[in-house]
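**Q** predicted coordinates and the sequence they were generated for:
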Amino acid sequence: MLRIHFGPDDLGRVRLTPGPDPLAEAALSLPVLQNRWMGGIALDGWRQRTQRGMSPLMRPLLELAPADMGEYLPEAFLHAEYGATTLAESLESVWALPQKVWTAELECALDHRPVPQWFGDLHTADRSAARTVDQAFRSYYDKALAPYWSQVTACVQADRTRRTRTAAEQGVEHLLATLHPTVRWEPPVLHVPCMHNAGFHRDFHDVHLAGRGLTLTPSFFWPHPTARAHSADDEAPIDLCYPVALDLTAYQTVLAGPADPAGRGSGGLARLTALLGRTRARVLDAAADGGSTAQLARRAGVSPASASEHATVLREAGLLTTRRTGPSVHHTLTQLGQALLNGVT
């Protein structure tokens, strides 16, 4: 168990990342792809579809991120540009990292496991190795993540919105206390399950923030909370990656199949119901064409009061916007809401 000690000012330095990073999610999904016990049967369909599409071009990634959850994962691919929204942006930031980061990471990797020759070449600025990994990540992302990315983004953003509201209404300490069932907040110490891939020394069990900050990073694919330190920067914030999918339903809803751009159907609405609940899913579906609260209520088959209540929750989650004109209101889906509605069908 890793113990993260907070000083008097450290609660004010807790931050939530703005959204899922495509490269980090790709890297974190690789051990899950190779190990059925990570995420369990909920990910079997995604594993089978992805494994069938694996090409020789992608194979180096299986050595880069092995199957064992306790193995070291390359730090460079987990700390991409803050706020990056595309794989290209993330990869660009990775290849721009200073050499001291690559050197420190290679030393950390060698401390945890044997590495192939090309892995060492990658960390010594070999262009051929970098090009191989770059192409592998692009091909892997297109096969394993891109078909589901709108659903993954919607799931992570909904979790982030909820966490942000928790911090605003009940305080950062309550946010830390409710982060994950295996994470314990015992003021002023946060107890996190310690994995060997975390970038800390094997025997390192206590870290004092001392003003460096803590970044909370929600992840869809990685199934367990993991704290990571930057091996090349002792003053960089600690990164605490935590899962947003906590049960079978969440995984199955998001990874049920590639997004269908043609629209939504009864099967998709059923999966959306599993994620949001029956009435809320119907209200979200009713807002697809826009309308007043009364119109949403009629389409969803609920009372105006119920429609208003659920519209408020959806708006706070970033799935709905509401514009008031005099005594009337008009609800429309945000891009995130539209992606979630279309993405699960």
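**A** Everything's here; your move.

**Q** could you use CA atoms for every contact and neighbour count after this?
**A** Noted.

**Q** what is the burial count for residue 110?
**A** 12 (other Cα atoms under 10 Å).

**Q** ok, residue 43 next?
**A** Quick note: residue 43 (other Cα under 10 Å) scores 20 neighbours.

**Q** verify the contact between it and residue 251 for me.
**A** Yes. With contact defined as Cα atoms under 8 Å, residue 43 and residue 251 form a contacting pair (6.7 Å).

**Q** which helix of the chain spans the most residues?
**A** Ordering each helix of the chain by length in residues (DSSP state H) puts helix 149-170 first.

**Q** that helix packs against which elements?
**A** For helix 149-170, the elements it packs on are helix 172-177, strand 214-219, helix 248-254, helix 335-343, judged by 3 or more Cα pairs under 8 Å, 6 or more residues apart in numbering; DSSP states H and E.

**Q** give me the domain ranges for the chain.
**A** 1-256, 259-343 (automatic domain parsing).

**Q** pipe those into a markdown table and attach mean pLDDT per row.
**A** Converted to a markdown table, these look like this (pLDDT from 0 to 100):
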| stretch | mean pLDDT |
| --- | --- |
| domain 1-256 | 86 |
| domain 259-343 | 79 |
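
**Q** now residue 328: phi and psi?
**A** Per-residue torsions, residue 328: phi -100, psi 150 (degrees, to the nearest 10).

**Q** how about it, what does it touch?
**A** The contact partners of residue 328, taken as Cα atoms under 8 Å, 6 or more residues apart in numbering, are residue 292.

**Q** swap in 6 Å and give it another go.
**A** For residue 328, no residue meets the contact criterion (Cα atoms under 6 Å, 6 or more residues apart in numbering).

**Q** same thing with residue 283?
**A** Here residue 283 is in contact with residue 300 (Cα under 6 Å, 6+ apart).

**Q** let's see that with 7 Å instead.
**A** 296, 300, 307, 310 (Cα atoms under 7 Å, 6 or more residues apart in numbering).

**Q** and residue 16, by the same measure?
**A** Neighbours of residue 16 in contact, by Cα under 7 Å, 6+ apart: 215-217.

**Q** out of those, who has the most neighbours?
**A** residue 217 (23 neighbours).

**Q** which residues does it form beta bridges with?
**A** Beta-bridge partners recorded for residue 217 (DSSP bridges): residue 241.

**Q** how far away is it from residue 322?
**A** 29 Å (Cα to Cα, to the nearest Å).

**Q** re the thing from before, and which of the contacts of residue 283 is nearest to residue 240?
**A** residue 310 (31.2 Å; Cα to Cα).

**Q** any idea how far the closest one is from residue 244?
**A** 21 Å.

**Q** repeat for residue 49
**A** 22 Å.

**Q** okay, those two: which has more neighbours?
**A** residue 244 (26 against 13).

**Q** can you list phi and psi of the more buried one for me?
**A** phi -100, psi -20.

**Q** surely residue 66 is in contact with residue 29?
**A** No. Using Cα atoms under 7 Å, residue 66 is not in contact with residue 29; the gap is 10.5 Å.

**Q** please say which of the two ends up with more neighbours.
**A** residue 29 (22 against 18).

**Q** re earlier: mind putting the helices and strands packed on helix 149-170 in a markdown table, distance to residue 238 included?
**A** Formatted as a markdown table, these follow (distance: least, Cα to Cα, whole Å):
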| stretch | distance to residue 238 |
| --- | --- |
| helix 172-177 | 14 |
| strand 214-219 | 5 |
| helix 248-254 | 27 |
| helix 335-343 | 29 |
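
**Q** and those: which comes nearest residue 114?
**A** Per Cα to Cα, nearest to residue 114 of these: strand 214-219, 27.0 Å.

**Q** run the chain-centre distance for that closest one.
**A** From the chain centre to the centre of strand 214-219 is a distance of 8 Å (Cα atoms, centre = their mean, to the nearest Å).

**Q** repeat that for stretch 184-195.
**A** 20 Å.

**Q** equivalent analysis for stretch 122-131, please.
**A** 27 Å.

**Q** what's the first-to-last distance across stretch 143-156?
**A** End-to-end for stretch 143-156, by Cα to Cα: 20 Å.

**Q** typo on my end, stretch 168-186
**A** End residues of stretch 168-186 are separated by 20 Å (Cα to Cα).

**Q** in contact with the residue nearest to residue 188 when sequence neighbours are not counted, which residues?
**A** Spatially, and ignoring its direct neighbours in sequence, residue 188 is nearest to residue 6 (5.3 Å; Cα to Cα, 6 or more residues apart in numbering). Going by Cα under 7 Å, 6+ apart, residue 6 touches 188-189, 208-209.
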